[in-house]
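S.K.: quick one, structure for this:
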Amino acid sequence: MYVIKKILNNNVVVAKKAADEVIIVGKGVGYDFKKDMSIPEERIENLFIKEKGENGDNYSKLFQKINNKVIAISEEIISYSEKNLNVKLNESIHLSLADHINFAIQRIKEGIKIENPFLNELKVLYPKEFELAQKALEIINKEFDTKLPEDEIGFICLHIRAALTKQHVGSSLNYTKKIKDIMDFILKLIDKKIDEKSFEYVRTLTHINFMLDRLNNNKPIKNELLEGIKKDLYIEYNIAIKVALRIETVFNVKVPEDEIGYIAFHLRRLIAC
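M.R.: Numbering: from 1, shown residues only. Below you'll find the predicted structure:
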């Protein structure tokens, strides 16, 4: 049985079982039970065992400098995300998300705003994580009576994505930056301003993302319309060649003719919208 050692809020407690110190999330566990009481297994919705070694030490240090409420809300967000994704997130998020939330709240209190220029790209590339991050922001603003901006959705999305893929936050951010670089390059080539939330912009971005997935996983596709595209969309096809060269440079991949044809097709729609 887990014995409560510290109550963080009504739904999150710190408990011990033998030598293991854990964080337990469960509806009402911090309200219905007191310190030194045991928690029935059926009341535990989620559980995080603090690592031993350096990561465990870092988490203990974070515990000492961060408000208990921040830790509790962070754990509730993680638990909510794991339920919706139906997967156990990498343990690094228990440290990184709490630290980020604490820092974000401090910034807003000091009147410091950090913009997220990749918000739209993140929403398209990582829709599940973005939706969870939206919910997380709602929870944070409600619980702390703050008005953290929409930009925070993007940052929280990156933390969830990193924990889901077991990669560093910087990996997803770097990929997103590269995608935006390609989209900005396309708009420059066609010399047109397009709403980044528009259907055609989002569809083009999504296509490039899926194309990169095919190229990285060696899943070539045949473009039966290629010759017709070269003939009928020759202007767009020539622009698509330049886009492909940029993609090859930025992502270190080889873009075949079949894929260039599909890029040209999307360029036609972008130009026409």
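S.K.: what is the mean pLDDT for stretch 242-251?
M.R.: Taken as a whole, stretch 242-251 has a mean pLDDT of 98.
S.K.: what does stretch 199-212 give?
M.R.: 97.
S.K.: now do the buried residues in it.
M.R.: Glu200, Tyr201, Val202, Thr204, Leu205, Ile208, Asn209, Met211, Leu212 (16 or more other Cβ atoms under 10 Å). The way it works is simple: take the backbone N, C-alpha and C, and place the C-beta from them, glycine included.
S.K.: residues in contact with stretch 115-123: which ones?
M.R.: 129-130, 150-155, 157-158, 173, 176-177, 179-180, 183, 196-197, 202, 205 (Cβ atoms under 8 Å, 6 or more residues apart in numbering).
S.K.: just checking, next helix/strand downstream of the helix or strand of the chain with the lowest mean pLDDT?
M.R.: Taking mean pLDDT, DSSP states H and E as the measure, the chain has helix 54-65 as its least confident helix or strand, at a mean of 69. For helix 54-65, the following helix or strand on the C-terminal side (DSSP states H and E) is helix 68-85.
S.K.: in that following helix, which residues are buried?
M.R.: Of the residues in helix 68-85, those buried (16+ other Cβ under 10 Å) are 69-82.
S.K.: contacts for stretch 64-83?
M.R.: Here stretch 64-83 has contacts from 6, 8-9, 11-12, 23, 25, 45-46, 48, 62-63, 88-89, 93-94, 97-99, 101-102, 105, 132, 135-136, 139-140, 143-144, 156, 160, 163, using Cβ under 8 Å, 6+ apart.
S.K.: off-centre distance for stretch 125-139?
M.R.: 8 Å (Cα atoms, centre = their mean, to the nearest Å).
S.K.: my guess is Asp151 meets Ile114, correct?
M.R.: Yes: if you go by Cβ atoms under 8 Å, Asp151 and Ile114 touch, sitting 6.7 Å apart.
S.K.: might you report the residue contacts of Gly22?
M.R.: Actually, residue 22 is Val. It isn't Gly. Tyr2, Val14, Ala15, Lys16, Leu47, Phe48, Ile49, Lys50 are the contacts of Val22 under Cβ under 8 Å, 6+ apart.
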